[in-house]
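Q: pasted the sequence and its predicted model underneath.
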Amino acid sequence: MSTTEVPIPLIDVPVIDITPPSGWLDLNLRELWQFRELVYFFVWRDIKIRYKQTAIGAAWAVLQPVMTMLVFSLFFGRLAKIPSGGVPYPIFYLSALLPWMYFAGALQNATNSVVEQQRVITKVYFPRLVLPLSAVVSGLLDFAIGFVVFLFMMLLYRIAPGRAVLLFPVFLLLAVATALGVGLWLSALNAVYRDVRYVVPFLIQFWMFVSPVAYPTSLVPERWRWLYGLNPMAGVIEGFRWALTGKGQPPSLLLAVSAGAVFVVLIGGMAFFRNMEATIADVV
Amino acid sequence: MSDIVIRAQSVSKRYRIGERERYLALRDVLARAISAPARLFKARKPASPNGDASHIWALKDVSFEVRQGEAVGIIGRNGVGKTTLLKILAQVTRPTEGRARLKGRVGSLLEVGTGFHPELTGRENVYLSGAILGMRKKEIARKFDEIIAFAEVEKFVDTPVKHYSSGMQMRLAFAVAAHLEPEILIVDEVLAVGDAAFQKKCIGKMGSVASQGRTVILVSHNMGAIQQLTQRCLLLEGGRVVAIGESAPVIARYQEIAMDRSTTVFDVTDEPRRFPELSRKVQFLTLEMENCPTRLVPADADITLRITVRGNDCTESFFFGLTVFRIDGTPVGSSWGLPIHSIRKGTVGTFRLTLHEPHLAPGLYYLGLGITQGKDVVCYEDLDVVLDLLHFEMLAPPVQDSARRKWVPSWGSVRFKRLLASRLG
């Protein structure tokens, strides 16, 4: 029947074992690495679609943090006179709003990621972790745009950051890890319980007040600061402020606790997501 | 003897069925937890081996082996588990029991247009869809021109896909998928895409993929394509393998089962649909052939169907459509009714559909039915479509002058009315 008699030699081909889901934890990071191009494609697709559909597009990435910064500077800064440690209010707030808005956006996108792609998930195999991961990465573009505005403002106020700015990528990575960690929990839950996505906006609002966005950590009494640090975004925000403005003490204790919390949430999130994958496939 | 590239051992899949509400709400779970907290901590009872009333086994004990380079068909009636088996092999869902081992990269074509987004251009969608299906960026770039040429959309490569006709979209989507070069290719029904010319192209491409030494698993209702493309077949019925072997005899066995006259009423209420994205505002519940319960139809008779439908939403101006297919999957003809029906939400309606004297040639056929809403030619919406059921046999007319000879398939499937010949000179 076939015209060629020589079969393709099966050297170096992957062997795929398909088994019922076991209770065992299996993160399979190597597989995720093999699909890294797909992460790139999903990020590229998200960005392309977002910017094609909105008329304002890139302007929104600037407007949102800047407008919020103006409102905060006026009401929390000027009027309520929240201490800012000598930093001009706009800088004080924008340095916190940039990572915060990245986190809020990434979290909402990650939560929706699995359910939104249900058509693709039910037809093709790829590690489902790719979805929340690319949701979290695609938010970095808006962050970058906002960051350019921030640099411009630093120039305006003639503030030069100290050496701490070298640690800035660390804090950014921590922000991404937090968004990913929480996003994994929420996206898995959302696939099974469809009302979770509506809880997220409320969760984010609440979370913002528990984080040092509108106020400095110094407002929190010393002996409670470790508890405060369990909120991973606390360490991230303080770290950003310190790295970008160069003012204030390095938030070491807070950072240590926050980093620990991020680690736990991330590993826990990956495990939970992995365990839910089998259920997601049938329910989504 | 070539290697075994696919080995399935006792693959089984259980699904929960029952209440239509698939999605849980966290608030309900929490509410239940608060009102009966002890239940949260109680150990969950293992389900009984035969599945309780709320579970069904979509697949049970499916075992088979496929060697490298083989093209194997998976056939069976609607809802027997073919797509579920493919989904398990494609790793889209996991088996409840059993295991399968595949050697090689797997390309799965369970749908045409996976990953397409209407706002992106043809070019962008080719890259995106290719990446989702598993091709590397370099590979897509290399095959890009071939893909566009196959789909015949050269002029529109940089226009957003939402401006494409549905035919163009399907051709492009299939073109991307057709250029996958995995060691194992899993295909589900996608050959039913596009017009006859394009279908021929697709079958041709599928054939050439198979002849390159790649392994192909094909699910189709088109027995002609199965016969043409596959050497072996697997027949599923009720989630189990009932026949496995060379294609021709397995196909014959399938036709036997499909024609099984002990089933008079087809219940499609819970059966998975070929087009799950339809709204099903009005949906089919049961169908039966009213005038011929044994489904042996006399040559000049009408085909009368008795169907029940349920209105899941208040719907007006809907009509029924029917397509007759020859047993090998070739469509013979279609007919539609007038958009005069309406139904209230939550009610069940019974209808009699009459196809007046179709005059089909003797042979085996089956039907596809649809419910469509819409008053004019341009604006209409398909609400529910069921396919591949109500297999029947059209009997030969009683021996008369014009029907002396046994009908030859190449004469077609329609027996036109008597040919008049009058001499003029």
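A: That came through, no problem.
Q: which helix or strand contains residue 148?
A: All of this refers to chain A. Per DSSP states H and E, A:V148 falls inside helix A:130-157.
Q: ah, no, chain B please
A: Going by DSSP H and E, B:I148 is part of helix B:137-151.
Q: and residue 87, how many neighbours?
A: Using chain A. Burial of A:V87 is recorded as 20 neighbouring residues (other C-beta atoms under 10 Å in any protein chain shown). All C-beta spots, glycine's among them, are computed from the backbone N, C-alpha and C.
Q: chain B is the one I meant
A: Using other C-beta under 10 Å: B:K87 sits among 26 other residues.
Q: ok, it - contacts?
A: Shown in contact with B:K87 (C-beta atoms under 8 Å, 6 or more residues apart in numbering or on different chains): A:T122, B:T93, B:L110.
Q: swap in 6 Å and give it another go.
A: By C-beta atoms under 6 Å, 6 or more residues apart in numbering or on different chains, the contact set of B:K87 is B:T93.
Q: quick one: it is in a strand?
A: No - looking at B:K87 with DSSP: H, G, I helix; E, B strand; the rest coil, it is helix, so not inside a strand.
Q: now it: how far from A:V124?
A: 10 Å (C-beta to C-beta, to the nearest Å).
Q: before we move on, the earlier item: show me what the helix or strand just after the helix holding A:V148 packs onto, helices and strands only.
A: Going down the chain from helix A:130-157, the next helix or strand is helix A:168-192, by DSSP H and E. If you count contacts as 3 or more C-beta pairs under 6 Å, 6 or more residues apart in numbering or on different chains; DSSP states H and E, helix A:168-192 packs onto helix A:89-116, helix A:130-157, helix A:196-209, helix A:232-245, helix A:252-283.
Q: the helix holding A:V148 to helix A:168-192, inter-axis angle?
A: With axes from the mean of the first three to the mean of the last three C-alpha atoms, to 10 degrees defining the directions, helix A:130-157 sits at 140 degrees from helix A:168-192.
Q: report the rounded mean pLDDT for helix A:130-157.
A: Mean pLDDT, helix A:130-157: 90.
Q: give the buried residues for it.
A: By neighbour count on 16 or more other C-beta atoms under 10 Å in any protein chain shown, the buried set for helix A:130-157 is A:130-143, A:145-147, A:149-150, A:153-154.
Q: likewise stretch B:148-156?
A: B:I148, B:F150, B:A151, B:V153, B:F156.
Q: angles on the backbone of the last one, please.
A: Same thing as B:F156. Dihedral angles phi and psi of B:F156 (degrees, to the nearest 10) take the values phi -110, psi 20.
Q: re earlier: so which of the helices and strands packed on helix A:168-192 is the most surrounded?
A: helix A:232-245 (a mean of 27; mean count of other C-beta atoms under 10 Å in any protein chain shown).
Q: just give me how far it sits from the chain centre.
A: 14 Å (C-alpha atoms, centre = their mean, to the nearest Å).
Q: and it, what does it pack against?
A: helix A:89-116, helix A:168-192, helix A:252-283.
Q: re the thing from before, quick one: the helix holding A:V148 to chain centroid distance?
A: The answer for helix A:130-157 is 11 Å, by C-alpha atoms, centre = their mean.
Q: elements contacting it?
A: For helix A:130-157, the packing partners by 3+ C-beta pairs under 6 Å, 6+ apart come out as helix A:36-53, helix A:58-72, helix A:89-116, helix A:168-192.
Q: middle-most residue in chain A, spatially?
A: With distances taken as C-alpha atoms, centre = their mean, A:A179 lies nearest the centre of chain A, 2.9 Å away.
Q: distance of that one relative to chain B?
A: To chain B, A:A179 is 21 Å away according to C-beta to the nearest C-beta, to the nearest Å.
Q: now do the helix holding B:I148 and helix A:36-53, the angle between them.
A: Comparing the axes of helix B:137-151 and helix A:36-53 via the same axes, to 10 degrees yields an angle of 60 degrees.
Q: got JSON lines for the helices and strands packed on helix A:232-245, with mean pLDDT too?
A: Below are these laid out as JSON lines (pLDDT from 0 to 100):
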{"stretch": "helix A:89-116", "mean pLDDT": "91"}
{"stretch": "helix A:168-192", "mean pLDDT": "90"}
{"stretch": "helix A:252-283", "mean pLDDT": "84"}
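Q: so which of those gets nearest A:R30?
A: helix A:252-283 (13.7 Å; C-beta to C-beta).
Q: helices or strands up against that closest one?
A: With contacts taken as 3+ C-beta pairs under 6 Å, 6+ apart, helix A:252-283 sits against helix A:168-192, helix A:225-229, helix A:232-245.
Q: now the second one: buried residues?
A: Right, the one you point to is helix A:225-229. A:R225, A:Y228, A:G229.
Q: export those to JSON lines and tack on distance to chain B and pLDDT?
A: What follows is the buried residues of helix A:225-229, written out as JSON lines (distance: C-beta to the nearest C-beta, whole Å; pLDDT from 0 to 100):
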{"residue": "A:R225", "distance to chain B": "32", "pLDDT": "81"}
{"residue": "A:Y228", "distance to chain B": "27", "pLDDT": "83"}
{"residue": "A:G229", "distance to chain B": "28", "pLDDT": "82"}
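Q: please render those residues as TSV that adds distance to B:G374 to the earlier fields.
A: Below are the buried residues of helix A:225-229 laid out as TSV (distance: C-beta to C-beta, whole Å):
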residue	distance to B:G374
A:R225	66
A:Y228	61
A:G229	62
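Q: and B:S279, what does it touch?
A: Per C-beta under 6 Å, 6+ apart, neighbours of B:S279: B:L383.
Q: tell me the strands beside the helix or strand containing B:I186, with direction?
A: Taking DSSP H and E as the criterion, the element that holds B:I186 is strand B:184-188. Applying DSSP bridges, strand B:184-188 is found paired with strand B:106-109 (parallel), strand B:215-219 (parallel).
Q: among these, which is nearest B:T330?
A: Using C-beta to C-beta as the measure, strand B:215-219 is the one of the strands paired with strand B:184-188 that comes nearest B:T330, at 17.4 Å.
Q: and the closest one, average pLDDT?
A: On average, the pLDDT along strand B:215-219 is 89.
Q: ok now it, how far from the chain's centre?
A: With C-alpha atoms, centre = their mean, you get 15 Å for strand B:215-219.
Q: cool, stretch A:165-185 as well?
A: Averaging C-alpha positions (C-alpha atoms, centre = their mean) puts stretch A:165-185 6 Å from its chain's average.
Q: residues making contact with it?
A: So stretch A:165-185 is contacted by A:99, A:103, A:106-107, A:110, A:132, A:136, A:232, A:236, A:239-240, A:243, A:262, A:265-266, A:269-270, A:272-273 (C-beta under 6 Å, 6+ apart).
Q: and the average pLDDT for whichever strand or helix holds B:K200 is what?
A: Under the criterion of DSSP H and E, B:K200 resides in helix B:196-211. The pLDDT scores in helix B:196-211 average 76.
Q: now stretch A:232-241
A: 87.
Q: helices of chain B, start to end?
A: Secondary structure of chain B, counting by DSSP state H: helices at B:26-35, B:37-41, B:82-89, B:122-133, B:137-151, B:166-178, B:196-211, B:223-229, B:247-258.
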